[in-house]
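K.L.:
Here is the input, now give the coordinates:
(one chain, ligands or ions: 2)
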Amino acid sequence: MRMRPHNCQRDYKILMLGLDSSGKTTILYKLYSKPLVRLIPNTAFNIEALHTPQGEHLTIWDISGQSRVNWQFYVHGNIALVFVVDSTDYGRVSEAKEALWWIFEGHKEEMKGTLMVLVYANKQDQPNAMTVDEIKDELDVENLPRGRNGRHRRWHVQGASALMDVGLWEGVDWLCAQIKDTRNPRLQS
Ligand SMILES: Nc1nc2c(ncn2[C@@H]2O[C@H](COP(=O)(O)OP(=O)(O)OP(=O)(O)O)[C@@H](O)[C@H]2O)c(=O)[nH]1
Ligand SMILES: [Mg+2]
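P.N.:
Ligands and ions are numbered 1, 2, ... in the order given. Sure thing, here's the model as predicted:
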């Protein structure tokens, strides 16, 4: 059975980035290929809004990885970054790391409110895929710069196969749990 986010109650903007061909659009398509789906396609990006039966609302912006320069136009105002990696692409994993770090280091002001990083280690259906731990180490996710007021950014590397529809909702559910935590006054800093 699919896991669905069950604890998001407001509108949240979420940015999905990653190198070209990592699987972003496939992930988006799989996540929203349900009766709840509302699709707003565009040439450079896709936006999908999910309304769950409980009234939760996530808006995910899927930006093409082909021209990374364009990413700068979308980095502002996202509560979370979803970064997608092709786990089979050993030749470009260092480029993926460089891209991930550039998002944060090159856009400190715009990204300061982005408190969560969900990495999809995608294409796990392939036998030669790097593991979740390998992707975590290759991207050095643990050491990403801190957010607003030096606040620790929460991160999670989720093994996934967009093709087989595996791991995607687990990632979304993690995001929703983190978003819920940010509303918890005890955890505000
Ligand atoms: N084996 C496998 N292939 C996948 C998976 N996810 C995506 N693909 C394939 O990877 C290719 C690229 O997928 P896209 O979703 O178009 O990649 P993208 O990240 O949106 O690429 P850009 O829009 O160019 O930035 C397609 O041929 C997909 O079928 C997966 O989990 N496993
Ligand atoms: Mg795409």
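K.L.:
Now the element after the helix or strand bottoming out on mean pLDDT in the chain, going C-ward?
P.N.:
Here the helix or strand of the chain ranked lowest by mean pLDDT, DSSP states H and E is strand 39-41, holding a mean of 49. Per DSSP states H and E, strand 39-41 leads on to strand 45-51 as the next helix or strand towards the C-terminus.
K.L.:
How far off centre is that following strand?
P.N.:
What separates the centre of strand 45-51 from the centre of its chain is 13 Å, taken as CA atoms, centre = their mean, to the nearest Å.
K.L.:
so does that strand get close to ligand 2?
P.N.:
No. Judged by CB under 5 Å from the ion, strand 45-51 stays clear of ligand 2, getting no closer than 7.0 Å. The way it works is simple: take the backbone N, C-alpha and C, and place the C-beta from them, glycine included.
K.L.:
So which elements touch that strand?
P.N.:
Applying 3 or more CB pairs under 8 Å, 6 or more residues apart in numbering; DSSP states H and E, one finds that strand 45-51 contacts helix 24-32, strand 39-41, strand 57-63.
K.L.:
Ok, which of those comes nearest D137?
P.N.:
Judged by CB to CB, the one of the helices and strands packed on strand 45-51 that comes nearest to D137 is helix 24-32, at 22.1 Å.
K.L.:
ok, and does that closest one reach over to ligand 2?
P.N.:
Yes. Interface with ligand 2: helix 24-32 contributes K24, T25 (CB under 5 Å from the ion).
K.L.:
Secondary structure class of the residue nearest the centre of the chain, three-state.
P.N.:
The residue lying closest to the centre of the chain (CA atoms, centre = their mean) is V82, at 1.0 Å. Secondary structure of V82, reduced to three states by DSSP: H, G, I helix; E, B strand; the rest coil: strand.
K.L.:
Tell me what it is bridged to.
P.N.:
M16, L118 (DSSP bridges).
K.L.:
neighbours around the closest residue in space to G147 that isn't next to it in sequence, how many?
P.N.:
Among residues not flanking G147 along the chain, R153 sits closest, at 5.0 Å (CB to CB, 6 or more residues apart in numbering). A count of neighbours around R153, defined by other CB atoms under 10 Å, yields 18.
K.L.:
Do you know the pLDDT at R153?
P.N.:
Note for R153: predicted pLDDT of 91.
K.L.:
My read is that it contacts L144, right?
P.N.:
Yes. Applying CB atoms under 8 Å as the test, R153 and L144 come out as touching, 5.8 Å apart.
K.L.:
Name the residues contacting each of these two.
P.N.:
V117 (CB atoms under 8 Å, 6 or more residues apart in numbering).
K.L.:
By residue count, tell me the biggest helix in this protein.
P.N.:
When the chain is parsed with DSSP state H, its longest helix is helix 168-182.
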